[in-house]
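>>> build me a structure from this.
(chains A and B)
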Amino acid sequence: EAQVTQNPRYLITVTGKKLTVTCSQNMNHEYMSWYRQDPGLGLRQIYYSMNVEVTDKGDVPEGYKVSRKEKRNFPLILESPSPNQTSLYFCASSWTRSGELFFGEGSRLTVL
Amino acid sequence: AQTVTQSQPEMSVQEAETVTLSCTYDTSESDYYLFWYKQPPSRQMILVIRQEAYKQQNATENRFSVNFQKAAKSFSLKISDSQLGDAAMYFCAYRTHYGGSQGNLIFGKGTKLSVKP
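Reported below is the predicted structural model:
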């Protein structure tokens, strides 16, 4: 089954404790991206990747890191999480930077 | 910059009836994609329907269809024979077709659809 898989789905952590949200897709997509969804602000792009070893900042990259060492994986790293990073996070992928974007199931992160 | 506007924060429909959700957008591009995504209480983002701007024919997926008016920059979603499972937040979204962009989806603020039994 074609899918984008994120883990963990739910996480409560404390300020400053590094965490990684994994994302994997099995569709051989070249393009991958991370979004965060917040009430009143909608979905905003954090980082995106056009291909292996090619990543770039989206609209709200501060406090986040990403890597793309393999085509299928695109982890989101919060080096020192803060409460303003409490949000619902989505990983998404597509064949190119246009066309349909496939979303993961979302990861709800709470930073205390 | 492109923008997407959904003017109906909430809508309600009776089961088995038809409802139309509105979406307008602003762009100077001639080629792009438009989408409707559904977000149920589970929070997953589910693609409902897509439309490529260069195609004049309106997209249809079972009970879901769109009215795409390119000149008016309008992209409404019609849900026929509404079912309880259609209750969700619906997002209209725009994505450019051109290279050189960051490839992000530009979302509207969403319309919350309730379905009454």
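>>> any residue of stretch A:34-50 up close to chain B?
Yes - against chain B, stretch A:34-50 shows contacts by Cβ under 8 Å from any Cβ of the partner chain at A:35, A:42-43, A:45, A:48, A:50. (Each C-beta comes from the backbone N, C-alpha and C, glycine too.)
>>> contacts for that stretch?
A:23, A:30-33, A:55-61, A:64, A:66, A:68, A:74, A:76, A:87-92, A:97, A:106, B:91, B:102-105, B:107-110 (Cβ atoms under 8 Å, 6 or more residues apart in numbering or on different chains).
>>> for PyMOL, what selects the buried ones among those residues?
In PyMOL, this line selects whichever of these come out buried by 16 or more other Cβ atoms under 10 Å in any protein chain shown:
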select buried, (chain A and resi 23+30+31+32+33+55+58+60+61+64+66+68+74+76+87+88+89+90+91+92+97+106) or (chain B and resi 91+103+104+105+107+108+109+110)
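>>> among the contacts of stretch A:34-50, which ones are in strands?
Using DSSP state E, the members of those that fall within strands are A:23, A:31-33, A:55-57, A:66, A:76, A:87-92, B:91, B:107.
>>> who does residue B:34 bridge with?
residue B:51, residue B:94 (DSSP bridges).
>>> related to what we said a few turns ago, just the buried ones from the residues of stretch A:34-50 next to chain B?
Using 16+ other Cβ under 10 Å as the burial test, those include A:35, A:42-43, A:45, A:48, A:50 as buried.
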